[in-house]
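> structure, please.
(one chain, ligands or ions: 2)
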Amino acid sequence: MSVHIGAEKGEIADKILLPGDPLRAKYIAENFLDNPQLYNEVRGMLGYTGTYQGVPVSVQGTGMGIPSAAIYVTELIREYDVKKLIRVGTCGSIQKDVHVRDLVLAQAAATSSAVIRNDFPKHDFPQIADFNLLIKAYELAVAKGFNIHVGNVLSDDVFYKDSMDDVFRLGDHGVLGIEMEAAIIYYLAAKHHVQALALMTVSDHIITGEETSAEERQKTFDEMMIVALETIIQD
Ligand SMILES: O=P(O)(O)O[C@H]1O[C@H](CO)[C@@H](O)[C@H]1O
Ligand SMILES: O=c1cc[nH]c(=O)[nH]1
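Ligands and ions are numbered 1, 2, ... in the order given. Just a heads-up that it's a prediction; the model follows:
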């Protein structure tokens, strides 16, 4: 057991999907994995291991925001030897042509968090996706005809902001969407020499206010899970 994960060593696969929402972890385990076994209920942050096309895969909720995600990702890598991590999250779009239900692949992630800056006060350490995971996920999504965008995202520390001015300025510089965890997952992957990718479904549109029904969101979540699972099981 680690401090926040109640699994024995060996109960977590070296390939893992990381939704923010623990109930999304349950949904993935019950709908996409064969023989899913619950390994963690500590703090309700559900984690499961099963197989996908015969390959062991785990799925672990990370909670919302960089501090929470950092705890789970650090323990997964250090204590459970996880080597490939794919975030399966949601984001808000800040581009007119990135629509609700589209998929966003974070090629890189900017952040307002001080966590990385504290480690490298004199450098802007770049938070980038693992290239092999990125290209595989992109090609899979395109082959399946899913609407997918590749580029920068913002991993913001603050969900409820007094002003969105900086977010819109980042949009002017091409940032596709806003979420809260990709940057720390990329940073910790670089620090520990493992592979990571962040894939998000657009759940809301910050500029147009476009929204979607729960049923429609579910369908697009399923597209994201298929891309993530088929990517993570490849060599
Ligand atoms: O849907 P998840 O994966 O939690 O991701 C997004 O949703 C949460 C905010 O509502 C943040 O965690 C953000 O990154
Ligand atoms: O962090 C997030 C996630 C979805 N939508 C947002 O606006 N922000």
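> let me know the secondary structure of Val3.
At Val3, secondary structure determined by DSSP: H, G, I helix; E, B strand; the rest coil is coil.
> so what's the residue count around it?
Using other C-beta atoms under 10 Å, Val3 has 10 neighbouring residues. C-betas here are computed from N, CA, C, even on glycine.
> can you pull the contacts of it?
Counting by C-beta atoms under 8 Å, 6 or more residues apart in numbering, Val3 makes contact with Ile71, Glu75.
> got the confidence number for it?
Note for Val3: predicted pLDDT of 94.
> for it, give its distance to Glu75.
Distance, Val3 to Glu75, using C-beta to C-beta, to the nearest Å: 7 Å.
> repeat that for Gly10.
From Gly10 across to Glu75, the span is 15 Å (C-beta to C-beta).
> more crowded one of those two?
Between Gly10 and Glu75, Glu75 has the larger neighbour count (other C-beta under 10 Å), namely 19 against 9.
> isn't the more buried one right up against Met1?
No: in this structure, Glu75 is not within contact of Met1 by C-beta atoms under 8 Å, at 9.6 Å.
> so where's this structure uncertain?
217-219 (pLDDT under 70).
> and the longest helix seen in it with ligand 1, contact?
Longest helix in the chain, counting residues (DSSP state H): helix 214-232. No: using C-beta under 6 Å from any ligand atom, helix 214-232 stays clear of ligand 1, with a minimum separation of 9.5 Å.
> buried stuff in that helix?
Within helix 214-232, the residues scored as buried using 16 or more other C-beta atoms under 10 Å are 217, 220-221, 223-232.
> please save the CA atoms from that helix in CSV.
Taking Å, rounded to 0.1, in the frame of the first residue of the first chain, the C-alpha atoms of helix 214-232 are listed here in CSV:
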residue,chain,number,x,y,z
ALA,A,214,-25.3,13.8,-20.7
GLU,A,215,-26.1,11.2,-23.3
GLU,A,216,-24.1,12.9,-26.0
ARG,A,217,-21.2,13.4,-23.6
GLN,A,218,-21.2,9.7,-22.7
LYS,A,219,-20.9,8.8,-26.4
THR,A,220,-17.9,11.0,-26.9
PHE,A,221,-16.3,9.7,-23.6
ASP,A,222,-16.6,6.3,-25.2
GLU,A,223,-14.6,7.5,-28.3
MET,A,224,-11.9,8.9,-25.9
MET,A,225,-11.7,5.6,-24.0
ILE,A,226,-11.4,3.6,-27.2
VAL,A,227,-8.5,5.8,-28.4
ALA,A,228,-6.8,5.7,-25.0
LEU,A,229,-7.1,2.0,-24.6
GLU,A,230,-6.1,1.1,-28.1
THR,A,231,-3.1,3.4,-27.8
ILE,A,232,-1.9,2.2,-24.4
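> list the single closest residue to Ala110 in space, sequence neighbours excluded.
Leu154 (5.1 Å; C-beta to C-beta, 6 or more residues apart in numbering).
> list the contacts of that neighbour.
The contact partners of Leu154, by C-beta under 8 Å, 6+ apart, come to Ile94, Ala109, Ala110, Thr111, Ser112, Val167, Leu170, Val175, Gly177, Ile178, Glu179.
> which ones among those are found in helices?
Filtering the contacts of Leu154 for helices - DSSP H - leaves Val167, Leu170.
> next to ligand 1, which bits of the protein? Give me the list.
Contacts of the chain with ligand 1, taken as C-beta under 6 Å from any ligand atom, map to Pro19, Gly20, Asp21, Met64, Gly89, Thr90, Phe159, Glu179, Met180, Glu181.
> neighbours of the last one, how many?
Right, Glu181. 31.
> can you get me a residue count around the nearest residue to it once chain neighbours are set aside?
Counting by C-beta to C-beta, 6+ apart, Ala69 is the residue found nearest to Glu181 once chain neighbours are left out, at 4.2 Å. As a burial measure, Ala69 scores 25 neighbours (other C-beta under 10 Å).
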